[in-house]
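J.: Take this sequence and fold it.
(one chain, ligands or ions: 1)
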Amino acid sequence: MTIKTDALIVGAGPCGLFEIFELGLLGIKAEIVDSLPRVGGQCTELYPDKPIYDIPGIPLCTGQGLVESLMEQIEPFHAGFHLGEEVVEVTPQEGGFRVVTNADKVFETKTIFIAGGVGSFQPRRIRLPEAQELEGTHVNYHVKDPAKYQGKRVVILGAGDSAFDWAVALQEVAAHVTLVHRSEQFRAAPATVMEFRKFVDRGEAELIEFGTAAALKIEADRLVSVDIKLPEDEIRTVPADELLAFFGLAPKLGPIAEWGLDINRKTINVDTERFETNIPGIFAIGDINSYPGKKKLILSGFHEAALAAFAAKAIIEPGKKVHLQYTTTSPIMHKRLGVED
Ligand code: FAD
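T.: Numbers count the residues shown, from 1 in each chain. Next up is the predicted model:
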């Protein structure tokens with residue numbers, strides 16, 4: 001499948017989302033890709049409920065609230081969203097670039113906006129060689145389809161919201177759920193922890209505290225059991241068909257480092273007039289870029305998105321003058337925003 005577009009945005013954090021808005025105001029429709037299954041970048045992944053006080057004109061909002069407002073703001077521009085896909089390849093070609101995702105989706109685009117933040121978020125993996133053998137089959141770091149766990153004995157590692165949310169949600173389908181954590185302190189919402197404890201009290205699930213996965217037993221490409229190491233080197237073998245681990249996410253610059261860009265300590269050098277990289281037509285905005293005086297703040301990324309959009313317009317429609325217009329008074333912008341004059 002090849003998608004032809006004028007603008008492709010890599011990264012759906014706050015800055016990538018706002019780039020959709022700035023491009024939209026100039027009449028450019030964008031496609032946006034993020035390796036995560038949801039939009040919002042650091043705001044959604046790292047601090048959804050924490051307050052932000054320094055978004056101009058918004059005295060207080062949460063990370064999640066900001067992302068929801070951005071989604072509402074960009075709604076009129078009907079961007080194409082491609083979530084859960086990592087951009088792995090960028091190759092220059094006649095009139096722009098060929099971009100490929102790890103789902104083998106191909107884009108042909110005139111311009112690229114890298115808004116990859118601190119890199120693509122990857123799940124922290126289980127540090128056991130045998131876990132790699134079953135990765136994607138019986139060892140997983142996210143739940144794609146709960147039906148996969150129907151009638152199965154599931155061991156869940158972790159103590160955050162994802163671990164407890166799934167420990168509760170899978171009660172409906174799994175034969176048995178055992179949640180294992182290396183301490184007795186849980187990061188998950190107390191209400192979900194309590195809900196899970198009710199299943200444990202009724203003998204319908206098990207909670208193992210002070211335990212870590214020490215080995216997996218595999219037979220004919222299937223998981224048979226998980227050895228849990230307990231204090232004083234005691235080992236307990238828990239029979240299991242499926243293992244889920246929720247150890248959080250760690251950012252990795254990943255494939256962005258391979259695209260021939262001028263990389264400076266995991267960031268991309270840009271100019272401050274166009275926020276363009278060393279490759280004409282590829283812009284970098286938000287936390288991923290670097291220039292003298294750069295501050296990794298959302299409001300800096302918003303400014304960068306606006307200037308990069310103007311620079312891209314000149315590439316997409318060469319020879320056409322780009323006038324600055326106000327959203328307050330411009331009839332063409334009102335039309336693009338879908339508001340009445
Ligand atoms: P990110 O939010 O990092 O999003 C980048 C996205 O790109 C990610 O979703 C990632 O999965 C995706 N991606 C990367 N590589 C690829 C690839 N190859 N293919 C597909 N997708 C890819 N800033 C403020 O201004 N005010 C605050 O109060 C504030 N509080 C903060 C509190 C905390 C705890 C933290 C951690 C940060 C805070 N920040 C704050 C910083 C702010 O969150 C960042 O500046 C902002 O998120 C940067 O946005 P971004 O869009 O550039 O990148």
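J.: alpha carbons only for contacts and neighbour counts from here, please
T.: Will do.
J.: you'd agree residue 101 is up against residue 87?
T.: Yes: when contacts are counted by Cα atoms under 8 Å, residue 101 is listed as touching residue 87 (4.2 Å).
J.: where does the chain come near the ligand, residue by residue?
T.: 10-16, 33-36, 41-43, 46-47, 52-54, 86-88, 115-121, 255-256, 286-288, 296-299 (Cα under 6 Å from any ligand atom).
J.: Using the three-state scheme, assign residue 256.
T.: Here residue 256 is recorded as helix under DSSP: H, G, I helix; E, B strand; the rest coil.
J.: what's the answer for the one 5 residues further on, then?
T.: Under the three-state scheme (three-state DSSP), the conformation of residue 261 reads as coil.
J.: Now do the contacts for it.
T.: In this structure, residue 261 makes contact with 268, 277, 278, 279, judged by Cα atoms under 8 Å, 6 or more residues apart in numbering.
J.: filter those to the buried ones?
T.: Buried members of those, scored by 16 or more other Cα atoms under 10 Å, are 268, 277, 278.
J.: Tell me the one of the residues you listed nearest the ligand?
T.: Using Cα to the nearest ligand atom, residue 268 comes nearest to the ligand of those, at 11.8 Å.
J.: one step back: need the contacts of residue 261 in TSV with pLDDT and secondary structure, can you?
T.: Shown next, in TSV, are these (pLDDT from 0 to 100; DSSP: H, G, I helix; E, B strand; the rest coil):
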residue	pLDDT	secondary structure
268	96	strand
277	98	coil
278	97	coil
279	97	coil
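J.: now these as JSON lines including distance to residue 139?
T.: Output for these, formatted as JSON lines (distance: Cα to Cα, whole Å):
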{"residue": "268", "distance to residue 139": "35"}
{"residue": "277", "distance to residue 139": "39"}
{"residue": "278", "distance to residue 139": "41"}
{"residue": "279", "distance to residue 139": "40"}
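J.: What's the mean pLDDT across stretch 105-117?
T.: Across stretch 105-117, pLDDT averages out at 97.
J.: Sort out which residues of it are buried, please.
T.: So, applying 16+ other Cα under 10 Å, buried residues of stretch 105-117: 106, 107, 108, 109, 110, 111, 112, 113, 114, 115, 116, 117.
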